[in-house]
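1. Predicted model, plus sequence, below.
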Amino acid sequence: MKYPGVKIYLSKDIPEEAVYALKSSYWCDVNKKLWIHAADIFMFGGYLTPKVLFKPPFNLIQAETTCLECRKKVTVCAVEASGYVPVSGAGPEMAITLGRLLNIELEEIALRTVYLTCVQEYPPELLKMIRRHSFLFRKRNFGEDNDYFANACSHCKSPIDDFLLFYEQDGVLARCNPSHDRTLFPLNYVLPIVVDAQFA
């Protein structure tokens, strides 16, 4: 496997008695989930959920918007990947698909830049790089079973929903609303990431 060290997060709904049997898994305090190395993926097919594989290089994009709570200008950020492949299915079938993807040259994945949105899991090493530019980028709750990493206002600390930034027509990071005021910072993270996320 070309990328055996990629972290893959397991389902939240693992029965407690099964956790003790998952000897090759590790607990992540940041994401509050068990994770495995991609090299062990075939042993854990039953504990996988649909994911998206994003390929490097990754960039951090910053732009300015207005906080809906305090009405002040605030800088928000987004992670941009240079390609993606959604991976769905169930159990062992998904493990096989992910195993194949992590064993090919990344150049084979089509080059199409996307923003990661509604990301429920980030590799902690990548998250540290993001937080160097945006300390308030943290996991937030936007309703029942809707926790994901998001921006917050630097003035009033109110969370800023990804929907407003990426999917509204006038969203500052919406693809249909190109802005010249975006700043790009390369992120020095060379592995693909496999996460529960959407993309815009």
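-> Nice, I can see it.
2. shaky segments in this protein?
-> Along the chain, the parts satisfying pLDDT under 70 run over 179-180.
3. who does the lengthiest helix in it touch, helix- and strand-wise?
-> Using DSSP state H to define each element, the chain has its longest helix at helix 91-101. In terms of contacts (3 or more Cβ pairs under 8 Å, 6 or more residues apart in numbering; DSSP states H and E), helix 91-101 is packed against strand 51-54, strand 84-87. Using the backbone N, CA and C atoms, a C-beta is placed for each residue, glycine as well.
4. Could you list the buried residues of it?
-> Neighbour-count burial for helix 91-101 flags 94-95, 97-98, 101 (criterion: 16 or more other Cβ atoms under 10 Å).
5. Please apply the same query to stretch 164-178.
-> Of all the residues in stretch 164-178, those buried under the rule 16+ other Cβ under 10 Å are 164-167, 171-174.
6. Those residues: which two are farthest apart?
-> For those, the farthest-apart pair by Cβ to Cβ is Tyr167 and Val172; their separation is 11.6 Å.
7. From Gly45, how far off is the residue positioned nearest the centre of the chain?
-> Relative to the mean C-alpha position of the chain, the nearest C-alpha, by Cα atoms, centre = their mean, is the one of Val119, at 3.9 Å. Using Cβ to Cβ, to the nearest Å, Val119 is found at 23 Å from Gly45.
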